[in-house]
Structure formats: C-alpha cells, structure tokens
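Chemist: Structure, please.
(one chain, ligands or ions: 1)
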Amino acid sequence: MKFRLPIFDVKNLYFIVDNQEILSNVSFEIFAQDYIAIIGPNGGGKTTLIRILLGLERETKGEVRIFGKRIKDFKEWQKIGYVPQRASHVDASFPATTEDVVKMGRTSKQKLFSKESQEDKMRVEDAMKKMDVYHLKDKMIGTLSGGQRQRVMCARALASRPEILILDEPNTGVDVSSQQRFYELLRELNTKEKITIVFITHDIGVIADDIARLFTINQKAVICNNPKEALSCEEMSELYGIDAHLLHNHKHEH
Ligand SMILES: Nc1ncnc2c1ncn2[C@@H]1O[C@H](COP(=O)(O)OP(=O)(O)OP(=O)(O)O)[C@@H](O)[C@H]1O
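Modeler: Predicted coordinates for the structure are as follows:
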C-alpha cells in the first residue's frame, strides 16, 4: 500500500473532566480526500473531539498530529475550514450582506487595516459560487432562509481555501430538500475540488448511501471503512443507540 501522510493522526486520545471520561482511548487517521460522517448519541463527545482537532480544547492524554505536526507546533490553521454548530443562526437585523460574511473568512489572510487584494476578491467570489450563494451576495444575511445561511457559512469557511472542511451538525433546523442540496454540494467539493470533508450529523438516513467512512463516537470510537455494512449491524445499533433497521430500510428504498 502506498504511504500517505494523514491529515489527522489521533492515537489513544482521552478527554477527562472531573474524573469522567468524555473520550476514552480514541484512535483514527483522516486522509486527504476522505469523506467522513461522525455520528453518535447526544453527549457522546462528537463536538469535543472536533474541538480537540481544531486546537480549541486540549486533550488530557494521547497524541494528536495534524499534517504530521503536534497540535502545539501546528501553525497553518488556514488549511482547516470549520463551520461550528448553529453558525447559521443570526439575528435578523445583523447588518451584513452575504458577501460581507463570506469576506470574513479571508480576514486572517489580510494584514490588519490593509485593503482587500484581488486574490481576496477572487476567493470570496469563488467560494460563493461553489456554495451556490453568489446570486444572494447583496442580500442581508438575516433575510436569508436557514438553508441559504448555512451555505453562506460554509462559503465563509471555504474562502480561506482550506484542504479540509469540518462541519458540526450543519443541517440543524434546515428542511429536508435543503439538507439534500447541501450534502450534494459537500460531495462536489469532495470529488471535484478534492477537499477532505468531515461532518457531524444526526441525518444518517440522508447520507447513508453516500459517505465513504463513518465514525461512531460514544465516549469510545468505532471507525467503519465500509459504512453500508456497518449501518446494518445489530451490534452497532445496541452499542450506540442508532436505529440500524431504519438505515437498512432506507437503503432498500432506492
Ligand atoms: N470543557 C468541558 N468541561 C466539562 N464538560 C465538558 C467539556 N467539554 C465537553 N464536556 C461534556 O462532554 C460531554 C460530551 O459533549 P459533546 O458536546 O462533545 O457531545 P456531542 O456528542 O457533540 O453531543 P450533541 O450531539 O448533543 O451535540 C457532555 O456531557 C459535555 O457536557
């Protein structure tokens, strides 16, 4: 097998608070162009895991490497795009257009008080087009639908041209047709733009046919490289509270 350096290399990771193991002995690798869904019950530690990968929480024990470097030595955070949970919930009167919000994704690249460069403009336009929100560029963010706002937040994360995009429950409160459209766009980013995608979701029914790998997190992690097989597994259902029958039936609807 050809050697590939993982983007994330996590070994024997623990996150312990007040003697309680939130994450316990979690190990996995994420490679370039992976397309991974993270599932698991509420409070299972999914968000905590992502926050550790982003350097926002510190692991208690174990090792996390990003592009081969230990987290404390890693500096190239622009390579990682992040769309946090509930990012698209904004106040209706928030005084910014779609374009303004997407531009915020370039700020770390701009020197403070310096003018926007041609490249900045190009990247912002490109990110809006990729997430199908370019036609909304002059609209105030607060006037957009939940599904449109969620695509804007994703475009903001894309504006820094990340190699990997991490999304925490991007579809909370969004209707089913917008969810499907969103997952199609994510899949295109993965296949056409070669961006690695990792997302936490509760919409397992919607994505079951499409994902390449599945991580199930409930204090411990189960990594499945063949999600279709895993999703019909009774043991997984019992251990992780996931309705395997529902997933199995969903597969046969097609
Ligand atoms: N810094 C912290 N201090 C104390 N408790 C924490 C901390 N970080 C996470 N936890 C606890 O860890 C548990 C896991 O939370 P987490 O948000 O990671 O779960 P989750 O799987 O993302 O849940 P959900 O699906 O509901 O979003 C929760 O009980 C949470 O309160």
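Chemist: Outside of the helix or strand containing residue 101 itself, which residues are in contact with it?
Modeler: Per DSSP states H and E, residue 101 falls inside helix 98-103. When contacts are defined by C-beta atoms under 8 Å, 6 or more residues apart in numbering, helix 98-103 is touched by residues 116, 120, 124, 127-128, 133, 136-139, 141, 144, 152-153, 155-156, 159. Placement of C-beta: from N, CA and C, glycine included.
Chemist: Show the average pLDDT along that helix.
Modeler: On average, the pLDDT along helix 98-103 is 94.
Chemist: got any ranges where the chain has weak pLDDT?
Modeler: Where the chain drops to pLDDT under 70, the residues are 1-3, 87-88, 92, 108-114, 204-209, 227-254.
Chemist: Show me which helix runs longest in it.
Modeler: Taking DSSP state H as the criterion, the chain has its longest helix at helix 176-191.
Chemist: Only C-alpha atoms, please: export stretch 215-229 in PDB.
Modeler: Taking C-alpha atoms only, stretch 215-229 is exported to PDB below (Å, rounded to 0.1, in the frame of the first residue of the first chain):
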ATOM      1  CA  PHE A 215     -17.000   7.400  12.800                       C
ATOM      2  CA  THR A 216     -19.300   6.500  15.600                       C
ATOM      3  CA  ILE A 217     -18.500   8.300  18.800                       C
ATOM      4  CA  ASN A 218     -19.900   7.400  22.200                       C
ATOM      5  CA  GLN A 219     -17.000   8.000  24.600                       C
ATOM      6  CA  LYS A 220     -15.200   5.400  22.600                       C
ATOM      7  CA  ALA A 221     -14.900   5.400  18.800                       C
ATOM      8  CA  VAL A 222     -15.900   2.800  16.200                       C
ATOM      9  CA  ILE A 223     -14.300   3.500  12.800                       C
ATOM     10  CA  CYS A 224     -16.100   1.900   9.900                       C
ATOM     11  CA  ASN A 225     -14.400   1.900   6.500                       C
ATOM     12  CA  ASN A 226     -17.400   0.200   4.900                       C
ATOM     13  CA  PRO A 227     -20.400   2.200   6.300                       C
ATOM     14  CA  LYS A 228     -23.100   0.400   4.400                       C
ATOM     15  CA  GLU A 229     -22.100  -2.900   6.100                       C
END
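Chemist: Offset the numbering so it begins at 56, please.
Modeler: Renumbered: residue one is now 56, and that last one reads stretch 270-284.
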